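A.B. asks: pasting the structure only:
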């Protein structure tokens, strides 16, 4: 690939390469090309997917919560992705982990949070450990809960003696069975908003957002299922807790997001 053929400078191509927008196809295998000095062979094909808006996009920094060597726990901020595209992957949590961990190691996504959600994300650093941790999600042997801020008084339909009662929401999501358990933690009367803890038994796309909206208490900042408009606050949905058996040591591991990173009324 020559700079003169693309109309881009060598520096622009190198930056695009570093951000995951250049791909190398060799035979039947295609992968991102990161190094400009990578030796090429006869028959290799290079693909550049250049979108200046995508490449210039920036997000807040992630925060390392725990480094277990073969896996790590991170705080993913609002706007950071859990999956890149052919146009780039520099704003993904796994790419951030690859470029900020010491020693360097590969990073594999085990589970996903919506772009607009924040909170704890589990990243694998070996294929074996990644598969073992992903299996825990599949068989639901990994405990997790979320905290959300919703519109209105979530307990308004309950008696005073039932304020802490957990409400189960089991309406289908996209035609598939889904169940969420929501518990009121606090209510802000002045702003008429509630802090709610949610545990889910299934992992449907946007499940919490859809279920909370179905109760008449949409998540604050939800532009898709709620009442938020452009310019409103970010989505107030955060993954706050993970508990699982470590596939390496067999020990029970428990991680809680620091209070300073949780939603606040």
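C.D. replies: Cool, got the structure. As the structure is a prediction and not an experimental result, all values here were calculated from the model.

A.B. asks: how about the helices in the stretch 51-200 of the chain?
C.D. replies: 52-56, 93-100, 127-138 (DSSP state H, counting those that start in this stretch).

A.B. asks: so what touches the shortest one?
C.D. replies: This means helix 52-56. 15, 16, 19, 21, 85, 87, 88, 90 (Cβ atoms under 8 Å, 6 or more residues apart in numbering). Glycine gets a C-beta too; all of them are placed from N, C-alpha and C.

A.B. asks: and it, how far out from the chain's middle?
C.D. replies: In this view, helix 52-56 has its centroid 20 Å away from the chain centroid, taken as Cα atoms, centre = their mean, to the nearest Å.

A.B. asks: tell me which of the helices of the stretch 51-200 of the chain sits most buried.
C.D. replies: helix 93-100 (a mean of 20; mean count of other Cβ atoms under 10 Å).

A.B. asks: re earlier: now a ChimeraX select for only the buried ones of the contacts of helix 52-56.
C.D. replies: Only the buried entries of the contacts of helix 52-56 go into this ChimeraX selection, using 16 or more other Cβ atoms under 10 Å:
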select :16,19,21,87,88,90
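
A.B. asks: out of the contacts of helix 52-56, what pair is the most spread apart?
C.D. replies: 15 and 85 (16.8 Å; Cβ to Cβ).

A.B. asks: who does residue 253 bridge with?
C.D. replies: residue 244 (DSSP bridges).

A.B. asks: per-residue pLDDT, it?
C.D. replies: What the model reports as pLDDT for residue 253 is 97.

A.B. asks: do the one 5 residues further on as well
C.D. replies: With respect to pLDDT, residue 258 scores 97.
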